[in-house]
Structures are given as structure tokens and as C-alpha cells.
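K.L.:
3D, please:
(2 chains)
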2 protein chains.
Amino acid sequence: MAVGAGVLPELYPVAGVRLGTVSAGIKTPGRKDLVLLELAQGGHCAAVFTRNAFCAAPVTVAREHLRLCQAQPRYLLVNTGNANAGTGEAGLVAAKDCAAAVAALAAVRPEEVLPFSTGVIGEPLPVAAINAVIPSALAALSPEGWADAAAGIMTTDTRPKGCSLRFRVQDREYTITGIAKGAGMIRPNMATMLAYVATDMAVAPALLQQLLGAAVETTFNRITVDGDTSTNDACVLVATAAAGNPVVVDGDSPLCLALRNALEEVCLALAQGLVRDGEGASKFVTVQVNGGRNEQECLDVAFTIAHSPLVKTALFASDPNWGRLLAAIGRAGLADLQVERVSVYLNDVLIAAGGCRAQSYTEEQGVAAMAPEEIVIRVDLERGDYAAAVWTTDFSYDYVRINAEYRS
Amino acid sequence: MAVGAGVLPELYPVAGVRLGTVSAGIKTPGRKDLVLLELAQGGHCAAVFTRNAFCAAPVTVAREHLRLCQAQPRYLLVNTGNANAGTGEAGLVAAKDCAAAVAALAAVRPEEVLPFSTGVIGEPLPVAAINAVIPSALAALSPEGWADAAAGIMTTDTRPKGCSLRFRVQDREYTITGIAKGAGMIRPNMATMLAYVATDMAVAPALLQQLLGAAVETTFNRITVDGDTSTNDACVLVATAAAGNPVVVDGDSPLCLALRNALEEVCLALAQGLVRDGEGASKFVTVQVNGGRNEQECLDVAFTIAHSPLVKTALFASDPNWGRLLAAIGRAGLADLQVERVSVYLNDVLIAAGGCRAQSYTEEQGVAAMAPEEIVIRVDLERGDYAAAVWTTDFSYDYVRINAEYRS
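P.N.:
The predicted structure follows:
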């Protein structure tokens, strides 16, 4: 199951980026499971990685290579089917072996290749199988390769996710294109998620990293499927500098503001795409919390609701169970919460106010509000001026089935 | 589903306590859903209540009455089928009405009656139906009424829970008997849980409250089914003073130590009984974390594992998925966690060490370890001398079914 049509939009090529997607037969014979991204010389990368203490070998190696190549990698190598996580010292060697194989064939230094893996935890990475198809991945490189790559990085995803924009600033046109994968083990501080976003704008490395961090904070870090954080998360932002603009160094310049907006739009579309394709998802739920004393307490309430299995099973049942919503708000840990000031809406229907069911509320209104695939739960705390939103899914039989059957 | 045989043990009468269980037809016609506990004069009560900011009306009233009667209530009135939560001002009036009805018929003051409710949130309490059967509840009062009461307070529970001990100190015999209900919405800081424990020992009120707080901390506050905290939790400890001992005032006296041990044993049995009867539970899981720098970080790791839907669905599938365990440990937020020092055991099988699968580990060992209904997940952090355990269940299709169908 997944929410919405989920048709992959047109993904525009980004000058300076070529992609090749091939099959290494890692888990499923014949399935395309290996993606190689080639970045032209002269560009830069920014990246954010999982905060899980048990981070996977490729995360360690990618982070180290990114530093060694001064944020100017030439290749990103991504495999699905095997996370190379929980694999200890051998896993580090395996990730480096694959990077070295790309480097040798492409005549670059090994630290100019960043490895990424997603899939089963704890199995040895099939290095020989991967390295055997790197020549064909190099041969397959094409600027048009984004859609194939979006499919090639999937694990339990039911559909590829991508987003692409063109925007014009001061008579020059720029492109930004991104792809992402992830369907479960998704929660704040990154998900079981890999995301690759590229623009042809030239941007100073420090500013690029700052832009990525800010965009991730309000998009990928605001989604949750099941509260679990993966060992392999990574989000990479490439600025190829192929558009020919003077390098952007000023965060307040029109060019930077345009990029910031486009980047946030792409990241939000990708992040929400992950939620819509959440494991077993039958609803796409926005939890909007207004009127907090600060942003953090809005997020605390929003995530407490979004993580509550009782709320999530009620969403699955399309049951307007406002009691479970109040109970979740009440345990979010807010100091001196005046429950009589709190109101809760399902879409535009006021369901609870003054600590109990709203007087105007009827069960028919609630049932109607819960019927659509897309639902907004809005909480007004009425104790301040801050607001925050997170996005999540319901909890279905299929979630249990998928995670009981799939060995991640 | 539920784990283990779950036969209700013999529940010994406690001198000074009588119980009557009748049907008020609150939700299901004919079902016994109303329990009245009568406490003889001369005893005391201690109580702990939910920390949820949206606490139910009876919690507010019980707390207030307990204070007004100086911890010497004469009646505890418990209904199931309706939680009287999220009911606002009308809910408070309803809870007081029921207490007043008992008081009038039993010729005590209204504040000597504590009301408790569990069941559906947000529906008006059927005061008339409850008050109509209070005469028959009074008529049914019996020292032998514990087993009926254990059944009478159930909601989605599949079986009654109780525990009873007799212990001898300095040639005098004492009794402690407890009952509890709860099957979901169970997590630290109390559960959707009502528990009533009584002893015939005479204990000073302040010491009684302290003993109860300590016992709850290491038993009821260490269990979790789904991470949700209810609006109605309450745990009451009665000391009837009927055994005739001099009032215990010294926390280090032999009498107090004996009571402390017996109380902890009863509370642990009741708490574990709630987990064994957890909604949809097919496993009873002990998560034991050793080698922490302090107790809190052991609890953080234990609860992160116990709340992880990915770990819980793997337990349901009897899948020895050590990768998900490592991922949960890694996101528990411990500062400077050295993952290479962490080891993880399933029962006595070392499954992960040094940040990866243990060399000695075989899949057959893991499958064998996961097969029983009762499983111990043990984590050794090797960074200190503290330890803590929590108890939980797996996450099954039945959990989703029960919570999608049941309006709590």
C-alpha cells in the first residue's frame, strides 16, 4: 500500500551529473541494484549522515572520503540489497574495496569515490559481485539517468521518488533534481533514507553544507513512520557549478535565496514521498501543532502523536478517536500544560476543546474527516506563538506483515 | 493471545477489606463491571496516579478525596467500560455523584469514597446505571471477593490478574493481596492500569506512600506494551492495620523490610501479568541492560529497544534480527557510546559483539533462542556498573486488530 498516485515526475538532467544503473544481483537476480553517480570536476558536495551510534561502514568511509577529497568527490556509488551495517572491520574494508574499484577504472583517487549502501543489516557486502559490474555502470552513465537511479536505490519502497525544478534568477536558468529512497525505519534525525540532490549552481562549500543542514532539518527530520532511525542514512547535495554563475558565497543573495527555496521544495517533496510510501501506509497524516511557547515543544507534541501506536491504529481504522489524541498530547511532557486551553482539529473539524469533546462535534463529522487518504491533525496549544509540523502514516496490518517478513 | 497459562492464583482475604462485584450494564449487558472495595476503619491508603496532563475526572476526584479524608478512605468504587476521561466539568460532577451515592448508602462522608474508572474515553459516565446497583454492590461485599473483583475491573484484558502472599515476621502472620487490570496503552510512568493492593499490616501513612512509590518505580514503571500512557492510571496500597501489629514507622525495621519485599513481589507479578496479557502479545520479553554508567542510561537503552516497532515485529516473527537491536541501541542517545564494546545476547546466545554479528553466532542458535514464548534480550554496554530491566511484548497483527477495532 501507499498513499496517492505517486507518479514519478519528469526529472530534469543536471549539467555536470551523469548516472548509471545496473544489476549486480545482490539480493534479487536481475534486479537493478547498483547506481553510480558521476560528478564533473569543479563541483562540490555537502552531506548529512545518520546520528545512530551504530553507523554503517559506508557511512564511516563516505564521511572520511568526503573530508579527504575536500568535498569534491567524483563518484557516488550506491548499492541496495545489503546495508553493509553491523559488519565491523570487514565492512569498512569492503566499502573501501568498492570505492577503490571505481577509482581504478575511472582514473580518480579512491577518496574521490563515496560509497553508500542500503538493505539487509549484518550480511557481508558482496564486493566481488559489485566490482564485477562497475565497468557496465560506467558505460551506462547518462545525464538522463535520474529515473532509473530513483528505482535502482529502492529497498521495500513500492515506487521511486524524485522531484525536479527549474528556476530562473537574474536571466540565468538553474536546475535542481533529487531522488530518495526509504519506506520504514523512518524517524527524525534522518530515516532509512538515501537522498541525492543536485543543482548546476556554483555554491561555496561551507554555504552549501549550511543550506543542506537547514533544508534537512525542516523536511527529512520532520517525518516519521515508525520511530526507528537507520544506521545508513545519508543525504547528499551536489552543486556542479556547470551553470556558469559566479560562485555564491552570500547566504542572503537573491541567488542563494532562490536555491534555498528550491532545495526546501525538493527535500519536502522527497520527504513526504517517503511517508506516502511508508511501509503499510494507508493514510498520509500531517500533524500541525500551533501556539507553543517554542518550536521544540510543538515538535514534542507532534512527534508524540505521530509515534503513538494507539493513534496510528485509530488512523488505520479511520476512527476519529480524539481521546487517544488528548492522551498523547497529555504525555508529551510539556510543563504546566493547561489542558482546558487545548483544541484539536481533524482537517477543519473541531473535535476536542476544553479538555473534552467539542460541543459542536458530531461523530458523523469525525467519520467524514477521517475518510480521506490525506488527513491533517491540528493541535492548538494556545500558550505561545510557535508552530511546527511533522508528517507520518497510520499503522496497519501490512506494516506488521512487511516487518515481520523482511529481514532488514 | 496472551503469554503463559495465566491461571489466577489463590487470593487470600485481607482482614479489613471486603469486595463486592456486580453488573451495572455499562457497556455489555450482564457483564460484571462494577467493583466496590470496603476498607475497615483504622486503616490507611497510599496511591500513585497517572502523570498524563489529561488525567481523567476520577483521578482528579480520587486525589482530592484522598487528601480530604487524610488517606483514610472507607470505599473504593471502580467501574470498567467507561473511563470518564475527556469529559470535562461534567465528568467531575459524575465522579462525585457516584462517590456521594456510595457515601449516602454506607453512611460515610463523600470524601471517604474514591472513584476509579477505566474503559472508553470521552463518553459520559452512566451515573444513573452505576448508582442503581450500588445497593447490590454493598450487599455483595465479602472478604472472599478478590477473584471476582480481579475479573470485574478488566477491559481488553483476556484474563484476571492477581497475586497474594502470606509472610511471617516475629511470630505474627501477615497477608498481602493485589489485583490489577491493563493490557494496552501501557508504558513507563504507569499504564492503562488500575491496581489495588492491600495488606493487614499497620503502617504509618508517610511510610506507606514511600513504600508504594518505590515499588511502582521498579515494577509498573518498567513495563511497556505500546509506549502510550493512559489518562486513568492508579495504583492504590491499603494497610488495614487489622493484623494488630504496632504501627510500623521505621523504614529499616524487620517488619518494614518484609513488607517492602512482599509488596515488590506482588507488584512485579501484577506488572508482568499485564505484559503477558498485552494486546496481541505472543512473547514475553525481558530487556536487561547491564554495564551502564548510571541506571538512567540502562533504562534509555532498554526502553528504546522495548518501544522499537521494528524490534517488536521481529520478535513477533521469531526473527533473531540483531541488526535491529544494534540500530535501537545506537539511537538511544548515549554519549560517547563505544559500539565495539557492546554485546547483545538472546537468552544465553551471544548474537552481536564488537559492532557486528558475533563470530560464534549461528543462525540456528538465533532461531532456537527466539522460539520460546519467554525471551531475554540482554545488552552489555561495558562502560559502568549499573543495570536495569524492563518487560515488554512483541507487536502482532492482533495488536493492530484490537486497537483498530476497540474504541478506547
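
K.L.:
CA atoms for contacts and neighbours, from now on please.
P.N.:
Will do.

K.L.:
mean confidence for the helix or strand hosting A:Val266?
P.N.:
Using DSSP states H and E, A:Val266 sits in helix A:254-276. The average pLDDT for helix A:254-276 rounds to 94.

K.L.:
could you do stretch A:119-128 as well?
P.N.:
Mean predicted confidence for stretch A:119-128 is 90.

K.L.:
what of stretch A:282-292?
P.N.:
On average, stretch A:282-292 scores 94.

K.L.:
tell me how many other residues surround the residue nearest to A:Gly4 when sequence neighbours are not counted.
P.N.:
Nearest in space to A:Gly4, with sequence neighbours left out and distances taken as CA to CA, 6 or more residues apart in numbering or on different chains, is A:Arg276 at 7.0 Å. Neighbourhood size, A:Arg276 [other CA atoms under 10 Å in any protein chain shown]: 28.

K.L.:
again, but for A:Gln359
P.N.:
Counted with other CA under 10 Å, A:Gln359 comes out at 11.

K.L.:
what strand or helix carries it?
P.N.:
Per DSSP H and E, there is no helix or strand for A:Gln359.

K.L.:
swap in A:Tyr345?
P.N.:
Of the helices and strands defined by DSSP H and E, A:Tyr345 is found in strand A:343-346.

K.L.:
against which helices or strands is that strand packed?
P.N.:
Here strand A:343-346 touches strand A:349-353, helix A:363-370, strand A:374-380, going by 3 or more CA pairs under 8 Å, 6 or more residues apart in numbering or on different chains; DSSP states H and E.

K.L.:
A:Pro124 should be in a helix, yeah?
P.N.:
No. Judged by DSSP: H, G, I helix; E, B strand; the rest coil, A:Pro124 forms no part of a helix; its state is coil.

K.L.:
just the pLDDT for A:Arg324.
P.N.:
85.

K.L.:
could you look up the SS state of it?
P.N.:
helix.

K.L.:
and the gap between it and chain B?
P.N.:
Separation of A:Arg324 from chain B (CA to the nearest CA, to the nearest Å): 7 Å.

K.L.:
check A:Cys356 too.
P.N.:
4 Å.

K.L.:
backbone dihedrals for that residue, both of them.
P.N.:
phi -150, psi -180 (degrees, to the nearest 10).

K.L.:
count of neighbours near it?
P.N.:
For A:Cys356, using other CA under 10 Å, the count is 27.

K.L.:
so what's the residue count around the closest residue to it other than its chain neighbours?
P.N.:
When the adjacent residues along the chain are set aside, A:Cys356 lies closest to B:Gly86, with 4.1 Å between them (CA to CA, 6+ apart). If you count neighbours by other CA under 10 Å, B:Gly86 ends up with 30.

K.L.:
B:Gly86 touches A:Ala358, doesn't it?
P.N.:
No. Applying CA atoms under 8 Å as the test, B:Gly86 and A:Ala358 come out as separate, 10.0 Å apart.

K.L.:
what's in contact with stretch A:15-23?
P.N.:
Stretch A:15-23 is contacted by residues A:29-41, A:133, A:136-146, A:148-149, A:152, A:198, A:200, A:240-243 when judged by CA atoms under 8 Å, 6 or more residues apart in numbering or on different chains.

K.L.:
pLDDT of it, averaged?
P.N.:
Rounded mean pLDDT across stretch A:15-23 is 98.

K.L.:
list the buried residues of it.
P.N.:
A:15-23 (16 or more other CA atoms under 10 Å in any protein chain shown).

K.L.:
with only the CA atoms kept, save that stretch in CSV.
P.N.:
Extracted in CSV, the C-alpha atoms of stretch A:15-23 (Å, rounded to 0.1, in the frame of the first residue of the first chain):
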residue,chain,number,x,y,z
ALA,A,15,24.6,19.6,-16.1
GLY,A,16,27.7,18.0,-14.6
VAL,A,17,25.9,14.9,-13.3
ARG,A,18,25.6,11.5,-15.1
LEU,A,19,24.1,8.4,-13.7
GLY,A,20,24.3,4.7,-14.5
THR,A,21,22.1,2.0,-13.0
VAL,A,22,22.9,-1.7,-13.4
SER,A,23,22.3,-5.1,-11.8
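
K.L.:
can you give me the helices for the stretch 151-300 of chain A?
P.N.:
A:205-218, A:254-276, A:295-307 (DSSP state H, counting those that start in this stretch).

K.L.:
and of these, who's closest to B:Leu66?
P.N.:
helix A:295-307 (31.3 Å; CA to CA).

K.L.:
flag the shaky bits of chain A, pLDDT-wise.
P.N.:
A:1, A:183-192, A:225-231, A:399, A:402-408 (pLDDT under 70).

K.L.:
can you give the domain ranges for it?
P.N.:
Following automatic domain parsing, chain A resolves into domains at A:17-276, A:284-405.

K.L.:
closest one to B:Gly291 among those?
P.N.:
domain A:17-276 (17.1 Å).
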